[in-house]
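K.L.:
Here is a sequence with its predicted model. Questions after.
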Amino acid sequence: MSKYRLLPAIAILATLSVTPLSAKTLVFCSEGSPENFYPGVNTTGTSFDANSQIYSRIVDFERGTTKVIPGLAQSWDISKDGTVYTFHLRHGVKWQSNANFKPTRDFNADDILFMIDRQWKSDDPYFKVTSSNHSYFNDMGMPKLLKSVEKVDDYTVKMTLTVPEAPFLSDLAMEYAGVQSKEYADAMLKAGTPEKIDQEPIGTGPFYLVQYQKDAIIRYKAFPQFWGGKAKIDDLIFAITPDASVRWAKLQKNECQVMPYPNPADLPAMRKDPNIKVLEQPGLNIGYLAYNTQKKPFTDVRVRKAINMAINKKAIIDAVFLSTGVAAINPIPPTMWSYNKNIKDDPYDPAAAKKLLAQAGYPNGFDTDLWAMPVQRPYNPNARRIAELMQADLAKIGVKAVIKSYEWGEYRKRAQAGEHQMAQLGWTGDNGDPDNFLNTLLGCDAAKNNGSNIAKFCYQPFQDLVTKAKHVSDQAERTKLYEQAQVIFKQQAPWFTIAHSVQLKPMRKEVIGFKLSPFGRHTFYGVDIKQ
Amino acid sequence: MIRFFLTRVSLVIPTFIGITLLVFVLVRLIPGDPIETMAGEHGIDAALHEQLRHEYGFDRPVIVQYGFYLSRLLHGDLGRSIATHRPVIEEFKSLFPATIELSICAMLFALCIGLPAGIIAAVRRNSILDHGVMGLSLTGYSMPIFWWGLLLILLFSVQLGWTPVSGRIDVLYFIQPKTGFLLIDTLLAGDTGAFRSALSHLILPAIVLGTVPLAVIARMTRSAMLEVLGEDYIRTARAKGLSSFRVIAIHAFRNALIPIVTVIGLQIGVLFTGAILTETIFSWPGVGKWLIDGISRRDYPVLQGGTLLIGAIIMSVNLLVDVTYGFINPRIRHTR
Amino acid sequence: MSAGTFEPSIASKPPVGEVHPFQEFYADFKRNRGAVAGLLVIFVLLFLAITANLVSPYSPTLTNDVAFLQPPFWQPGGTFAHPLGTDAIGRDMLSRLIFGARLSLLIGAAVVSLSVLVGTVLGLVAGFFRGLVEIAIMRVMDIVLTLPSLLLAIVIVAILGPGVMNALLAVAIVLLPHYVRIARATVIAEISKDYVTAARMIGAGSLRLMVKEVLPNCAAPLIVQATLGISTAILDAAALGFLGLGAQPPTPEWGTMLADAREFILRAWWVVTLPGLMILITVLAFNLFGDGLRDALDPKLKR
């Protein structure tokens, strides 16, 4: 060290950027800190990314698809009426260990029951630990759907549903259903520190947690006894880097090998860089501008159509999404089954829009509000900037729009209550089913009780199709029904569909085997680095 | 002396209680429901919402909430973060060393350059050097540091590649935190590579955060030195034939030090304001960034607890400066 | 704040034959080249601010669908149609910067007038009535001073909601204690002086005393503090804008423009560099001017 002391500051600076050598390490420049390490109460992709490396679930999504494959359950039987699921669990699955706890037994049915009970039964001692808000468990309708969950023997679990539900297995493959150790939970409860299992987690997954420092780093190591075989990389590091330009700078310097959510502005440079590859795939999402169809003047379909024609969608995609979005025509993304390719988008035609507006009785336009989310969402990189562009377009047909915004929680609540005239919002798919978009976002139920249908769109012909599609199990028939529903959607125009954002994942060329998740998650089991 | 100390402390206590009240009221007034903010696109159903409000105690009258808050405060309990469900005090403890480390380095940077610059400017009064130093320090004082940080990143990290862009240390170094100060932890671990990495991550943020204090210190040093240099005893010392270096270094500077130390002590509030911006720009995992995140998440306990702790620390430092000042300069003790 | 730094000029009229105080002040000020330069820049900014509608080539919110992120004219790809380039949605940078000057000067002036006005009144009241009133006012000011200014401003804006007006209010509140302290200290120093005692004996009322006798004597330090306060106000409002809590887009406020452009830092330097440069120049100008003013008004530093 002493020799450095004598050198001028500049020389020190130059020698400072030496990085150490190490085993096969993959650094992921993640975008933020996880809430904690209990996926049952998490709501953000950031937290799920941090957790899903540690835990396993009963079933999994195959990497890169929405297909359900075996996880902790090796196989399962479904009763004829579709209400009883019997899971046959894997034998010899090992738990990780840490300084607090050394497991004495393998994974078994008790752990599955603990996972469900903790989120379901308010008298479970762990129900309130960390938080009693088990968001996804509730959002997926589990409390009403589940009738009973029983342990048949140590490696068999029987779940009985109140009604048949086609997407049930997909629901169980979601991160909130990550399985924690019942034995660890009991030990910590005894020690009087139950919340430890959510902060110093152990799971049965491919990586175990070594170190977590808020806003700085999450450090994992491969778990050698993982039931699926040891991961190809030895060390997995999440370098928490909230700023997208900084993530890109680090990727360039090989300080990290994979980064999420690039700045659209940096993409041209990324594509040019010979050391970088950019994986891309349209995400399971939609960003839209909803008209409040129960408020004047948007009760009139002609007004809605006119606005649709007045906004220059291409300019929005070019200026705000850059190359990270594709223009949206239908309310579901093009990668989803039943997407209707034959529908044409409303053309950008201010003159025709003005004419239509005059027909509807507004030759001089009208005053309205235009809501924009204050925060970036996965389906919308900058709602304010989009609103500014829309505002300028609408002014050309005489519609004076005032941009409004509220703090995010407030925004969504007010929009769901229908306080707006025009509001931007969006949606990211939970399980890959069209019902999760068409019924959840545009169905009558969701319009009535301050639900997610902020267009307050309740149109019987549309509703009939969607309801019917939910009860039919034949996918070909469901496809037909959903295709028709999309035709009606476009005729009635409750939304101006803005874009489906494309998932972009820049990474170093050396990274192999990374697969884009349709849900936008990051799974590092199966990823390798060429050395 | 003891009486002086006690009166000063007794003045601090009502201020502190005032701060708890002010912070509590302000934080309550922030619109937006933390439970709603957490919910994402799905929203949250009314029954669960009510239950959660009850769990966090938001359904009680505000006065009762304040009472509970104070009593818990006396037991050192600042509540739990709504976002992460971890105790506020624990989160603060894990992030505060980063802020302190950054602040100390910024202050060292400011002192190492500010003091000599101020002295030179005073000794060479009205020379080009003086004008240069004063001009630069006024520019530093006027600097929007959030922009300054971006410029330095653009130049040193992006164009020249000399310094890392953000963070505290290269993630490939695995250092178990002992003190939380990475410069010390890396040395304790005996890992010089890690130490250099930590140091290189500190340079730019420390410069950015130190810019305004540097300007203030240079200006203050100059004017304090000018005052002292004009005093009779300095003229006498010079007349006695003492070398001007000795005069300046030993006699003049030592006497100018008192007001300078005071100014430095009072810079801590300014330093923290700067830390909020600096940490945001450099993704520095410290308390400032944590509080900003707390506001966007409507994380009441974090905001409340964090602001209170910061206020308490600043008050303690001010008190310390005050008492030290009174100790050095007995005249102060007798005036109120 | 040591009292008595500023000798009262009303009580002691200058003897006949000496230069008028204003002339002396003017001579001192003129000698300070930095201060004169600062004043000049302020005049230029004022001119731009007042005539923004006339001198700026475009409306600050007019978008141009075919010119996103166009560089300034001297760079390849730049044109004279947009001399300083365009931003992410094709708005003219020059026009936005000019309108930004209007906004920043307005913010500075409004914040300072507000806090000087309220601060002086509170300070006078505290200094004049002493006792409980004084303790209450000064304790609250102590609390405000203890908390880091930006943090407090952020919390206030979080309460009121982001926006120019609210940011302005927040910064004004944060700056308040300085004026209260100055006013109070001067009042206390003045009140013990003979002329006030004399006026009291004649039977002048408190209000009359405050306004006619004491207030003019606080003027000099307050003016200096106010000038320097403008720069602080502009800086703080820009910082709030940078954190997304100040003026909201599409308002052309410099800090907000900077925050909005941060993602383009690697691709379009001008959208990030220019607003920051404007903030620096403006703040520096006011600081230079304020410094010159103080040196000229402060007899202690006179050569």
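P.N.:
All right, it came through fine.

K.L.:
okay, A:Phe427: pLDDT?
P.N.:
Rather than Phe, residue A:427 is Trp. For A:Trp427, the model assigns a pLDDT of 90.

K.L.:
For chain A, what is the nearest residue in the stretch 201-336 of chain B?
P.N.:
Closest residue of the stretch 201-336 of chain B to chain A, Cβ to the nearest Cβ: B:Pro285 (3.5 Å). No exception for glycine: its C-beta is placed from N, CA and C like everyone else's.

K.L.:
what about the longest helix in the chain?
P.N.:
Assuming you mean chain A. helix A:475-492 (DSSP state H).

K.L.:
look at chain C instead
P.N.:
helix C:93-129.

K.L.:
Check which helices and strands it sits against.
P.N.:
helix C:33-50, helix C:52-55, helix C:131-146, helix C:164-191, helix C:215-242, helix C:254-261, helix C:269-297 (3 or more Cβ pairs under 8 Å, 6 or more residues apart in numbering or on different chains; DSSP states H and E).

K.L.:
Check the offset of the longest helix of chain A from the chain's centre.
P.N.:
On the basis of Cα atoms, centre = their mean, to the nearest Å, helix A:475-492 sits 24 Å off its chain's mean C-alpha point.

K.L.:
Please apply the same query to stretch A:146-164.
P.N.:
28 Å.

K.L.:
Just to check, B:Thr114 is in contact with B:Arg222?
P.N.:
Wrong residue type there; residue B:114 is Gly, not Thr. No: taking contacts as Cβ atoms under 8 Å, B:Gly114 lies outside contact range of B:Arg222: 9.7 Å.

K.L.:
Report the backbone C-alpha coordinates of stretch C:220-240 in CSV.
P.N.:
What follows is stretch C:220-240, C-alpha atoms only, in CSV (Å, rounded to 0.1, in the frame of the first residue of the first chain):
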residue,chain,number,x,y,z
ALA,C,220,-29.7,46.8,5.1
PRO,C,221,-29.1,43.3,6.5
LEU,C,222,-32.5,42.2,5.2
ILE,C,223,-31.7,43.5,1.7
VAL,C,224,-28.4,41.6,1.6
GLN,C,225,-30.0,38.5,3.0
ALA,C,226,-32.9,38.8,0.5
THR,C,227,-30.6,39.0,-2.5
LEU,C,228,-28.6,36.0,-1.4
GLY,C,229,-32.0,34.4,-0.6
ILE,C,230,-33.0,34.6,-4.2
SER,C,231,-30.2,32.4,-5.2
THR,C,232,-30.9,29.9,-2.5
ALA,C,233,-34.6,29.9,-3.5
ILE,C,234,-33.8,29.2,-7.2
LEU,C,235,-31.4,26.5,-6.2
ASP,C,236,-33.8,24.8,-3.8
ALA,C,237,-36.7,25.0,-6.2
ALA,C,238,-34.6,23.5,-8.9
ALA,C,239,-33.5,20.7,-6.5
LEU,C,240,-37.1,20.0,-5.8
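
K.L.:
is it anywhere near chain B?
P.N.:
Yes: using Cβ under 8 Å from any Cβ of the partner chain, we find that stretch C:220-240 touches chain B at C:231, C:235, C:238-239.

K.L.:
how about the residues of the stretch 51-200 of chain B that lie near chain C?
P.N.:
B:135, B:138-139, B:141-144, B:146-148, B:150-151, B:153-154, B:158.

K.L.:
Filter those down to the ones in helices?
P.N.:
B:135, B:138-139, B:141, B:146-148, B:150-151.

K.L.:
A:Ala249 - how many residues pack around it?
P.N.:
24 (other Cβ atoms under 10 Å in any protein chain shown).

K.L.:
my guess is it contacts B:Val158, does it?
P.N.:
Yes: the pair A:Ala249 / B:Val158 is scored as a contact, 6.1 Å apart, by Cβ under 8 Å.

K.L.:
Quickly list what's touching both of these two.
P.N.:
B:165, C:266 (Cβ atoms under 8 Å, 6 or more residues apart in numbering or on different chains).

K.L.:
Which residue is the nearest non-sequential neighbour of A:Glu165?
P.N.:
A:Leu145 (5.9 Å; Cβ to Cβ, 6 or more residues apart in numbering or on different chains).

K.L.:
mind checking the backbone torsions on the one you found?
P.N.:
When read as degrees, to the nearest 10, the backbone of A:Leu145 gives phi -80, psi -40.

K.L.:
what helix or strand is the closest residue to chain B within the stretch 301-450 of chain A on?
P.N.:
Closest approach between the stretch 301-450 of chain A and chain B, counting by Cβ to the nearest Cβ: A:Gly409, at 3.2 Å. Assessed by DSSP states H and E, A:Gly409 sits inside helix A:408-416.

K.L.:
Any residue of stretch C:76-89 touching chain A?
P.N.:
Yes: against chain A, stretch C:76-89 shows contacts by Cβ under 8 Å from any Cβ at C:88-89.

K.L.:
Name the residues that touch that stretch?
P.N.:
By Cβ under 8 Å, 6+ apart, the surrounding residues in contact with stretch C:76-89 are A:265, A:319-320, A:385, A:388-389, C:57, C:63-64, C:67-73, C:75, C:92-94, C:96-97, C:257, C:260-261, C:264, C:268, C:270-271, C:274.

K.L.:
what about that stretch, start to end distance?
P.N.:
19 Å (Cα to Cα, to the nearest Å).

K.L.:
Report the buried residues of it.
P.N.:
Buried residues in stretch C:76-89, counted by 16 or more other Cβ atoms under 10 Å in any protein chain shown: C:78, C:82, C:84-89.

K.L.:
Now secondary structure and pLDDT too, for the residues you listed, in a markdown table please.
P.N.:
Converted to a markdown table, these look like this (DSSP: H, G, I helix; E, B strand; the rest coil; pLDDT from 0 to 100):
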| residue | secondary structure | pLDDT |
| --- | --- | --- |
| C:Gly78 | coil | 83 |
| C:His82 | coil | 90 |
| C:Leu84 | coil | 92 |
| C:Gly85 | coil | 89 |
| C:Thr86 | strand | 90 |
| C:Asp87 | coil | 87 |
| C:Ala88 | coil | 82 |
| C:Ile89 | coil | 81 |
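
K.L.:
Lowest-scoring secondary structure element of chain A by mean pLDDT?
P.N.:
Each helix and strand of chain A was given a mean pLDDT (mean pLDDT, DSSP states H and E); the minimum falls on helix A:2-6 at a mean of 38.

K.L.:
how about C:Phe73, what does it touch?
P.N.:
C:79-80, C:82-84.

K.L.:
ok but it is inside a helix, no?
P.N.:
No: according to DSSP: H, G, I helix; E, B strand; the rest coil, C:Phe73 belongs to no helix; its state is coil.

K.L.:
Just the buried positions in stretch C:28-36, please.
P.N.:
In stretch C:28-36, counting by 16+ other Cβ under 10 Å, buried: C:28-29, C:32, C:34-35.

K.L.:
Sorry, slip of the keys, the one I care about is stretch B:111-129.
P.N.:
B:111, B:113-115, B:117-123.
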